[in-house]
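A.B. asks: Provided below for reference: sequence and predicted model.
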Amino acid sequence: MDSEEKKAPMPGAMGMPPMMQKMMAGTQDFNPMAMCQAMMTSVGKAAEMAAYATPEVRTLFEEWGRSVEDEVLALLKKRGRVDLPGLAAELKITPESVLFFLGKLVREGKATIAEIRAA
C-alpha cells in the first residue's frame, strides 16, 4: 500500500460533517453503530427524565437555576477574579456545573471570560 492510499479519506467521509471526520480520523476500530446506540440511549434517558418532571418540578428547577446564576454573578461582582475550584466549593456544586452557569452568563452578556490557562 503506498502513502497515497494510506491518506485517502474514509469511505463516505466526503458527506460527513467536519467534526465527525475529525472524530473518525486515525481510528481504524471506530464503530458508528456503537456510537449511535450510545447517543440514542442518552437521548432516551433524557426523554424519560423529562417525562417524569411535572410542570411544577420544571418550574422549581428553573427557579433553582436562576438562584445559582444570581449567586455566581454576585460572587463575580464581589471578588472580580475567581478560580473555578474555589467558586465550585463556595457554591457547593461541581466545577462542571459552575462552567455550565458561567457559560450561560457569558452568552447572556452578564459576565466575561478574561483568562484561560492550561492546567
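C.D. replies: That came through fine. Residues are numbered from 1 along each chain as shown.

A.B. asks: tell me where this protein has helices.
C.D. replies: Assigned by DSSP state H, the chain shows helices spanning 3-6, 18-24, 32-52, 55-79, 84-91, 95-107.

A.B. asks: so Val98 touches Glu71, yeah?
C.D. replies: No. Using Cβ atoms under 8 Å as the test, Val98 is too far from Glu71 to be in contact (10.3 Å). From N, CA and C alone the C-beta is placed, and that goes for glycine too.

A.B. asks: burial measure for Glu71, as a count.
C.D. replies: When neighbours are counted by other Cβ atoms under 10 Å, Glu71 registers 15.

A.B. asks: gap between it and Phe101?
C.D. replies: 9 Å (Cβ to Cβ, to the nearest Å).

A.B. asks: hmm, Asp83 and Leu75 touching each other?
C.D. replies: No. Here Leu75 lies out of contact with Asp83, judged by Cβ under 8 Å, at a distance of 11.3 Å.

A.B. asks: so where's this structure uncertain?
C.D. replies: The chain contains residues with pLDDT under 70 at 1-30, 46-47, 50.

A.B. asks: check contacts around Phe101.
C.D. replies: Gly65, Val68, Glu69, Val72 (Cβ atoms under 8 Å, 6 or more residues apart in numbering).

A.B. asks: contacting residues for the spatially closest residue to it that is not a sequence neighbour?
C.D. replies: Computed as Cβ to Cβ, 6 or more residues apart in numbering, the closest residue to Phe101 that is not its neighbour in sequence is Val72, at 5.0 Å. Shown in contact with Val72 (Cβ under 8 Å, 6+ apart): Leu87, Leu91, Val98, Phe101, Leu102, Leu105, Ala111.

A.B. asks: make TSV out of these and add distance to Val57.
C.D. replies: Shown next, in TSV, are the contacts of Val72 (distance: Cβ to Cβ, whole Å):
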residue	distance to Val57
Leu87	27
Leu91	22
Val98	23
Phe101	20
Leu102	25
Leu105	24
Ala111	28
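
A.B. asks: widest-spaced pair of those residues?
C.D. replies: Leu91 and Ala111 (14.3 Å; Cβ to Cβ).
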